[in-house]
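sequence and predicted structure, then a few things I'm wondering about:
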Amino acid sequence: MIIRNAKVIICSPGRNFVTLKIETDQGVYGIGDATLNGREKAVVAYLEDHVVPLLIGRDASRIEDIWQALYRGAYWRRGPITMTAIAAVDTALWDIKAKAAGMPLYQLLGGASRNGVLVYGHANGADIAETVDQVGRYKDMGYRAIRAQSGIPGVKGAYGVGRGDMYYEPADAILPTETLWDTSSYVTFAPKLFEAIRNEHGDEIELLHDVHHRLSPIEAGRLGKSLEPYRLFWMEDCTSAENQEAFQLVRQHTVTPLAVGEIFNSIHDCRELIQNQLIDYIRATVVHAGGITHMRQIAGLAALYQVRTGCHGATDLSPASMGAALHFDLWVPNFGIQEYMRHSEETDAVFPHSYNFEDGYLHPGETPGIGVDIDEKLAAKYPYQPRQLPIARLRDGTMWNW
Ligand SMILES: O=C(O)C(=O)C[C@H](O)[C@H](O)CO
Ligand SMILES: [Mg+2]
């Protein structure tokens, strides 16, 4: 099966998505997500100028060889742009292989290890009362695991609090929106939020929380300790992870489980975290970490150290990403949980898909391939909108981690 054409489709049905479509001489095609929120056009250029010309004429069935050629052949290894581009090719090729075999992708990977994929949704509110209500709403929808984020008194634009009903879209302006960050206000507020949620909703529901890289290691240790009574499923990105050793300090001070990795793009970003058992969940995902091929390596390493997967799944990852992740999740032996932020109706219409939510679990469906398609005519009606992620500053104006 020879690759005859590969094209990059950019659309914005409510938000921007970049999709790679690879077509073969036998009429079978595959798609892969290539969206890198706020930096979309860099991946588009990488794909169109440097990757697509290398694909034409290659045997689409040689997924591993093509992965190695794109990784080693560039000489310049790793990084979000390169690895997102490789991921899009890899996902599209797995889609093709599974379609050609007449199987849903999870069957090709080794078959289902579970009946469904446990997912967590996002409950967020302007204050504690509203966030407690939103957790109730997600429970009513059938979710068994819920991430809770709340506005903090006196802190404008706290992370994770949306304006919409079901989802938040942080990339909201052509130039970055400025938000404020105040660590002292946050670390005293967060335990009160989780105390209120447990008081209202009891012990059974799984609760998650995202710190979004904002604390120092010792502050993160203290926060983890103060959240212990509320038994979080995980505390995510409690400190920035460029220095993997930093997590030793967090680990020494808390037994709150730790999740890291949505911005990782390679096994080398998490090797020490995993080998030293400094985290409990690895959040790398198909679209930003080199596709199914590389995610299998990451998960294999993690399995040796009892680290489980918890793939990123915000709305800036397209349904093509979600579909591929769900096949991976259904198969991967050391699965933990999958993030699931619902897409808008416009996005769902552009990307028809077979995955479905029931009783707190997602299933990728039985459609051959990744089970997600793109309606190109409809996509063309939603042109690209330049958008950037916000930035955060401390009260004195110092630039901080958003
Ligand atoms: O979903 C999460 O946990 C996030 O932290 C979402 C990120 O802010 C988002 O994907 C950035 O593009
Ligand atoms: Mg996160």
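Yes, it's here. Ligands and ions are numbered 1, 2, ... in the order given.

so which residues on the stretch 101-250 of the chain come close to ligand 1?
Residues of the stretch 101-250 of the chain lying near ligand 1 by C-beta under 6 Å from any ligand atom: 170, 210, 212. Backbone N, C-alpha and C define where each C-beta goes, glycine included.

okay if I get those residues as TSV plus secondary structure, distance to ligand 2 and neighbour count?
Formatted as TSV, those follow (DSSP: H, G, I helix; E, B strand; the rest coil; distance: C-beta to the ion, whole Å; neighbours: other C-beta atoms under 10 Å):
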residue	secondary structure	distance to ligand 2	neighbour count
Pro170	coil	10	24
Asp210	strand	4	22
His212	coil	6	20
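
need the residues you listed in JSON lines (columns: pLDDT).
Output for these, formatted as JSON lines (pLDDT from 0 to 100):
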{"residue": "Pro170", "pLDDT": "91"}
{"residue": "Asp210", "pLDDT": "98"}
{"residue": "His212", "pLDDT": "98"}
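
dihedrals phi and psi, the residue most central in space within the chain?
In the chain, the residue lying closest to the centroid (C-alpha atoms, centre = their mean) is His312, at 2.0 Å. Backbone geometry at His312, expressed as degrees, to the nearest 10, gives phi -50, psi 140.

would you map the helices across the stretch 301-402 of the chain?
319-331, 345-350, 376-379 (DSSP state H, counting those that start in this stretch).

mind checking which of those is nearest Leu278?
Nearest of those to Leu278, taken as C-beta to C-beta: helix 319-331 at 22.9 Å.

which other helices and strands does that closest one contact?
When contacts are defined as 3 or more C-beta pairs under 8 Å, 6 or more residues apart in numbering; DSSP states H and E, helix 319-331 sits against strand 29-33, helix 80-101, helix 105-109, strand 117-125, helix 291-304, strand 308-311, strand 335-339, strand 361-363.

got the residues of this structure near ligand 2?
By C-beta under 5 Å from the ion, the part of the chain that sits against ligand 2 consists of 210, 262.

could you rerun that using 8 Å?
Near ligand 2, the residues belonging to the chain are 210, 212, 236-237, 262, 283, 312, 314, 339 when assessed by C-beta under 8 Å from the ion.

what's the closest of these to ligand 1?
Ala314 (3.5 Å; C-beta to the nearest ligand atom).

for Thr177, see how far away the nearest residue to that closest one once chain neighbours are set aside is.
Nearest non-adjacent residue to Ala314, counting by C-beta to C-beta, 6 or more residues apart in numbering: Met341, 5.2 Å away. In this view, Met341 and Thr177 are 19 Å apart by C-beta to C-beta, to the nearest Å.

and the closest residue to ligand 2 within the stretch 1-150 of the chain, what are its bridge partners?
Going by C-beta to the ion, ligand 2 is nearest to Arg147 of the stretch 1-150 of the chain, at 8.6 Å. Under DSSP bridges, the beta-bridge partners of Arg147 are His122, Leu208.

looks like it contacts Tyr120 (just checking).
Yes - contact criterion C-beta atoms under 8 Å: Arg147 and Tyr120 qualify, at 5.4 Å.

between those two, which contacts overlap?
Common neighbours of Arg147 and Tyr120 (criterion: C-beta atoms under 8 Å, 6 or more residues apart in numbering): 208, 339.

okay, and for the protein, where does confidence drop off?
163-167 (pLDDT under 70).

domains for it, by residue range?
Annotated domains of the chain cover 3-104, 108-367 [automatic domain parsing].

would you turn the ones you listed into CSV with distance to Asn401?
Below are those laid out as CSV (distance: least, C-beta to C-beta, whole Å):
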stretch, distance to Asn401
domain 3-104, 15
domain 108-367, 4
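
please identify which of these is closest to Gln385.
Counting by C-beta to C-beta, Gln385 lies closest to domain 3-104 out of these; the figure is 4.7 Å.

the closest one: how far from the chain's middle?
18 Å (C-alpha atoms, centre = their mean, to the nearest Å).
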